[in-house]
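Just to be clear, the model below is a prediction. Sequence and coordinates:
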Amino acid sequence: MPLVTVADVLHTALTPLPGGYTLAAGEKGLLHEVTWTVTARPSSPIFPVLKPGELALAAAPALHQLDPPASLPTLLAWLAERDAAGLVLRGAFAPAERDAALAAADAHKIPLVLVGEEIHLADVERAVTMLVRERRDDFYNRTAALQEVQFQLADGAPTGRGASLDTIVRTLADLTHAPAALSGAPPALELHHLALPRKTLGGPAATMAELTRLWTRLGAQALAAWQAPAGLAGARATEPPVLTLDAGPGSVLLVAPVLVRERPAAALLLAVPDPPAAIDALTLARTAGVCALEMARSQAVAVAETRTEQRLRGEFLTDLLNHVPGVGDELLLARARALGMEIAPAYAVALVSVTPPGPEVAGTHPAADEPLLEAAAQALLPAVRDSGALFQVLGRRLAVLWPVGTRSAPPRGPVDPPERLLRLAADLQRYLAEHNGHRAAGGVGRAHPGVSGAARARQEAEQALWSAWHLFGGDYLCNYTDLGIYRLLLPLRDHHRSELRAFYEETLGALAPADSDGNGTAGPHAKLLETLDAFLAHGGNHSETAKALILHRNTLSYRLDRIAEVTGLDLNDPAVRFRAQVALCVRRIMQA
């Protein structure tokens with residue numbers, strides 16, 4: 001769930017500027033997250049570095065003055081490929097490309113925002129970055145306040161479920177400066193806990209009576225959305241989906257389910273001005289998670305023995321494996337403490353699966369692999385229980401979190417995965433292959449320190465698992481530390497695929513296009529490509545290459561000459577050979 005959206009930028013940062021703005025197209029992308037801004041340069045490439053979530057700023061006259069002029073439809077497609085948040089364009093764009101630009105923005109869901117010539121891009125950049133900074137600081141303060149509430153409820157004397165939920169709802173109202181309430185259990189969903197903020201921003205807040213009337217009118221709509229077949233599919237108690245319900249002119253009702261034992265046990269609601277700020281929706285979702293934990297804890301059942309706590313523990317481990325370092329660190333630590341868990345100084349991660357990573361196959365579901373993965377964890381957990389290893393099913397993969405280091409001697413940076421984890425991953429792979437009657441593969445990442453260490457180790461394990469399936473054919477355990485040059489290339493395959501393709505085509509495209517048959521048999525120069533691969537694999541040694549290919553040395557020399565003739569590469573140059581070897585690695589990634 002984003003912290004700042006394009007809609008937030010338009011409403012909060014751009015509206016106050018002289019002349020305001022016009023949303024020309026791309027309305028379906030208004031909920032894209034905005035992480036920062038990037039301003040176009042006066043020469044090509046106009047955006048040399050652009051990260052996902054960045055809002056691009058450009059001046060239309062500057063685009064026209066480039067040599068050759070930048071095409072706005074092409075630029076919008078390029079931004080979409082790199083997951084940019086949107087494009088703010090100063091000045092009028094060329095009439096000839098207007099229709100194509102609007103169509104491209106709508107097709108790629110990239111908001112195209114126009115501002116007048118009287119507005120300087122530096123002012124836009126300043127307003128947007130200030131908004132992002134303020135929202136980050138505000139969210140940090142909000143998470144710290146929620147953390148303090150969790151500490152009080154976990155460590156303080158019992159005050160009763162009603163009193164503790166009142167505290168949570170009052171905290172939500174004060175943090176968001178908006179009226180908040182918590183309902184009872186479905187289907188009635190009557191309001192039991194209501195709170196007004198001590199301070200309001202942007203006008204008077206709704207009264208408790210008005211909030212009750214709104215919920216009486218809109219509660220059934222929220223319940224119907226949650227009871228729909230896919231209404232809460234994949235929802236987590238710690239960060240449930242937030243509904244935005246029309247509450248009348250100028251206001252909306254944000255509603256989140258409080259999930260206990262996988263079902264809505266209550267509804268948490270917040271009355272805010274329209275359009276709602278993304279930070280308020282995010283705060284509401286996090287507060288609903290606090291309510292879920294408190295409601296589960298108050299049931300007076302041993303925490304580890306309840307399905308709710310087991311699910312919350314699993315969701316915590318999932319969040320730990322996906323954690324982004326920054327403002328959520330303290331909240332994650334607070335959740336661990338509330339669950340009776342202690343985050344290790346560092347974690348290494350292993351992933352095993354019986355299904356290759358990639359698009360889901362029609363007629364299958366990720367849950368189909370869960371029983372087998374859970375059985376593997378149950379079978380092998382006793383052998384490593386003393387290690388403190390944690391098992392968690394993530395879709396079609398079984399993740400193993402392996403704690404590394406001690407509080408007195410934590411690792412200062414990434415270290416190789418422990419041998420016991422490598423052996424466990426190999427045992428899990430064998431178990432899955434034997435009981436699945438098919439292939440299984442695994443990937444192991446290095447150990448990383450800090451609260452976000454598990455997530456970094458998981459990302460490396462993901463790359464190793466992908467390589468085990470797509471580069472090594474499955475039935476393979478891949479250690480991230482053994483990936484070599486692929487460690488640099490794999491992160492580029494999703495967001496910089498066009499650059500990878502261009503590099504390959506410029507280097508070896510004359511031998512075989514990047515989109516030809518991946519087994520190396522397509523095209524008139526397939527044998528030359530095979531020969532080059534073997535030649536480079538044997539370090540340029542003619543004798544060993546000829547032996548591996550079962551060729552006469554004269555035949556090998558002829559093929560190498562042909563490769564040089566077709567590609568223009570001087571294979572006697574070590575730098576050229578290295579470039580060719582990288583290009584072959586790129587080809588394997590693109591054809592996987």
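Here it is on my side, so go on. Numbering: from 1, shown residues only.

Which positions in stretch 239-258 come out as buried?
Buried residues in stretch 239-258, counted by 16 or more other C-beta atoms under 10 Å: 239-243, 245, 247, 251-258. In short, each C-beta sits where N, CA and C put it, glycine included.

so how far does that stretch reach from one end to the other?
9 Å (C-alpha to C-alpha, to the nearest Å).

Provide a list of residues in contact with the spatially closest residue to Trp466 that is not a sequence neighbour.
In this structure, Trp466 finds its nearest non-sequential neighbour in Pro357, 5.1 Å apart by C-beta to C-beta, 6 or more residues apart in numbering. Residues in contact with Pro357 (C-beta atoms under 8 Å, 6 or more residues apart in numbering) are 396-397, 462, 465-466, 469-470.

Produce a ChimeraX select command limited to the buried residues of the residues you listed.
This is the ChimeraX syntax for the buried subset of those, where burial follows 16+ other C-beta under 10 Å:
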select :396,397,462,465,466,469,470
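
In CSV: the contacts of Pro357, plus pLDDT, secondary structure and distance to Ser43.
Below are the contacts of Pro357 laid out as CSV (pLDDT from 0 to 100; DSSP: H, G, I helix; E, B strand; the rest coil; distance: C-beta to C-beta, whole Å):
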residue, pLDDT, secondary structure, distance to Ser43
Arg396, 87, coil, 46
Arg397, 90, strand, 45
Glu462, 93, helix, 37
Leu465, 94, helix, 41
Trp466, 93, helix, 37
Trp469, 92, helix, 42
His470, 90, helix, 38
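
Between the contacts of Pro357, which sits nearest Thr35?
Nearest to Thr35, judged by C-beta to C-beta, of the contacts of Pro357 is Glu462 at 21.4 Å.

There's contact between that closest one and Ser353 in this structure, I believe.
No - Glu462 lies out of contact with Ser353 (C-beta atoms under 8 Å); the separation is 10.5 Å.

which helices and strands sit right next to the helix or strand of the chain with the lowest mean pLDDT?
Lowest by mean pLDDT, DSSP states H and E among the helices and strands of the chain is helix 307-321, with a mean of 75. On a contact count with 3 or more C-beta pairs under 8 Å, 6 or more residues apart in numbering; DSSP states H and E, helix 307-321 meets helix 278-297, helix 329-338, strand 390-394, strand 397-404, helix 453-470.

And Arg41, how far from Gly116?
22 Å (C-beta to C-beta, to the nearest Å).

before we move on, back to that, closest to Leu331 among the buried residues of stretch 239-258?
Nearest member of the buried residues of stretch 239-258 to Leu331, counting by C-beta to C-beta, is Glu239, at 10.9 Å.

Spell out the secondary structure type for the closest one.
State at Glu239, reduced to three classes by DSSP: H, G, I helix; E, B strand; the rest coil: coil.

so how far is Ala230 from it?
17 Å.

List the buried residues for the host helix or strand of Ala163?
Assigned by DSSP states H and E, Ala163 belongs to helix 161-176. Residues of helix 161-176 classed as buried: 164-176 (neighbour count, 16+ other C-beta under 10 Å).

Point out the other elements, helices or strands, that it touches.
helix 121-155, strand 180-183, strand 191-195, strand 263-273, helix 278-297.

Let me see the mean pLDDT of that helix.
Helix 161-176 carries an average pLDDT of 86.

Distance from the chain centre to that helix, please.
Helix 161-176 has its C-alpha centroid displaced from the chain centroid by 30 Å (C-alpha atoms, centre = their mean, to the nearest Å).
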